[in-house]
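Trainee: Sequence and predicted structure below; questions after.
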Amino acid sequence: MSEPDLMTRLLDAAALHVPFDGWSETTLRLAAEDAGIAPGLVSAICPRGAVDLALAYHAAGDAAMLKRLAETDLSALRFRDRVAFAVRVRLEAVEDRELVRRGMTLFSLPPYAADGARALWQTADHIWTALGDTSQDVNWYTKRATLSGVYGATVLYWLGDDSDGQTRTWDFLDRRIEGVMQIEKLKAQARDNRLVSGLMAGPLSFLSRIRAPQPGAQTGMPGRWNGPN
C-alpha cells in the first residue's frame, strides 16, 4: 500500500483537533506536529493556512462521494432519486458531523464566504457531472445553483437531526428535490407555451448567449459569454 500524501496525513491528524479548535491555525499547527510534517511543507500545501485545510477536507468528501457513485449502478432509479442518492452519499461520507459544523462556522466569516460558496458549487457540479449532465447553456448554471441550494439546506438540517439513521434528513431532502422537480416542470411548460415564448423571446434572448465553462477552464467564475463584449 502506498504512503498517504501529505494532505491526507494532515487531514487525518486534524480530525482530532477540529472539534475543539475548529479549522484554525491552532489545529493546523497541532496536526502538523502530530503528523510529523515540517512547517515549510505545511506552508507549501496550505499557503492560505487553515482555510486551505478546510477546503481540502471538503474536496476529500466530494472525492469519496464520486468514488461511491462510480461503483453504484443507478440505472434502475428515477433521475430525481439519483440526485437524492448522490446528496445522501455525500453526507454519508462524513465520519464526524462536528468537522462539517466547524467548517460552516469558518465559511460564514466574511473573508471565507466566497470559498464556502465555491466549495458548495463544486459539490453540485460534481454531482451533475457524475450523473451525466450534458447541458451547455444557461441550464448548466441553473441546475448547479438549484442543487447548491438544496444541498446547503439539507446540510443545515442534517447537522441538527438526531433521528435514528437521520431519517428526517432524508425525508427533508426528498421534499426539497420534489420542489425542484416541480419548478423544472413549470420551466418546461413555459418553453412549450408558444405565446409565452414569443412574448419573452426578446427580453430573454441574451440567455441563449450564455455557455457552460470550457473543460479545464480556470476562471474566477465558471462559464463564458458567447456574444459581443
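Mentor: Thanks, I have the structure now.

Trainee: per-residue pLDDT, the residue most central in space within the chain?
Mentor: Residue closest to the mean C-alpha point of the chain, counted by C-alpha atoms, centre = their mean, is Thr123 at 2.1 Å. With respect to pLDDT, Thr123 scores 97.

Trainee: Which positions in the host helix or strand of it come out as buried?
Mentor: In this structure, Thr123 sits in helix 113-130 according to DSSP states H and E. For helix 113-130, a neighbour-count test (16 or more other C-beta atoms under 10 Å) marks 115-116, 118-128, 130 as buried. For every residue, glycine as well, the C-beta is placed using N, CA and C.

Trainee: For the helix or strand just after it, name the packing helices and strands.
Mentor: Going down the chain from helix 113-130, the next helix or strand is helix 138-159, by DSSP H and E. Applying 3 or more C-beta pairs under 8 Å, 6 or more residues apart in numbering; DSSP states H and E, we find helix 138-159 packed against helix 79-92, helix 97-107, helix 113-130, helix 167-192, strand 210-211.

Trainee: go with 7 Å
Mentor: Judged by 3 or more C-beta pairs under 7 Å, 6 or more residues apart in numbering; DSSP states H and E, helix 138-159 is in contact with helix 79-92, helix 97-107, helix 113-130, helix 167-192.

Trainee: Select, out of those, the one closest to Gln136.
Mentor: helix 113-130 (12.4 Å; C-beta to C-beta).

Trainee: In PDB, list the C-alpha atoms belonging to that closest one.
Mentor: The C-alpha trace of helix 113-130 is given here as PDB (Å, rounded to 0.1, in the frame of the first residue of the first chain):
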ATOM      1  CA  ALA A 113     -17.700  33.200   2.500                       C
ATOM      2  CA  ALA A 114     -16.700  33.100  -1.200                       C
ATOM      3  CA  ASP A 115     -14.600  30.000  -0.500                       C
ATOM      4  CA  GLY A 116     -17.600  28.300   1.100                       C
ATOM      5  CA  ALA A 117     -19.900  29.200  -1.800                       C
ATOM      6  CA  ARG A 118     -17.400  27.900  -4.300                       C
ATOM      7  CA  ALA A 119     -17.000  24.600  -2.400                       C
ATOM      8  CA  LEU A 120     -20.800  24.200  -2.400                       C
ATOM      9  CA  TRP A 121     -21.000  24.900  -6.100                       C
ATOM     10  CA  GLN A 122     -18.200  22.400  -6.800                       C
ATOM     11  CA  THR A 123     -20.100  19.700  -4.900                       C
ATOM     12  CA  ALA A 124     -23.200  20.400  -7.000                       C
ATOM     13  CA  ASP A 125     -21.100  20.400 -10.200                       C
ATOM     14  CA  HIS A 126     -19.500  17.100  -9.300                       C
ATOM     15  CA  ILE A 127     -23.000  15.600  -8.700                       C
ATOM     16  CA  TRP A 128     -24.400  16.800 -12.000                       C
ATOM     17  CA  THR A 129     -21.300  15.800 -13.900                       C
ATOM     18  CA  ALA A 130     -21.300  12.300 -12.400                       C
END
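
Trainee: sorry, back to before: now the angle from the helix holding Thr123 to helix 79-92?
Mentor: 130 degrees (axes from the mean of the first three to the mean of the last three C-alpha atoms, to 10 degrees).

Trainee: how far does stretch 129-139 stretch from start to finish?
Mentor: Start-to-end span of stretch 129-139 (C-alpha to C-alpha, to the nearest Å) is 13 Å.

Trainee: quick one: average confidence on it?
Mentor: Stretch 129-139 shows a mean pLDDT of 87.

Trainee: how far is it from where the chain is centred?
Mentor: 15 Å (C-alpha atoms, centre = their mean, to the nearest Å).

Trainee: tell me which residues of that stretch are tucked away?
Mentor: Residues Ala130, Val138, Asn139 are the ones in stretch 129-139 that count as buried (16+ other C-beta under 10 Å).
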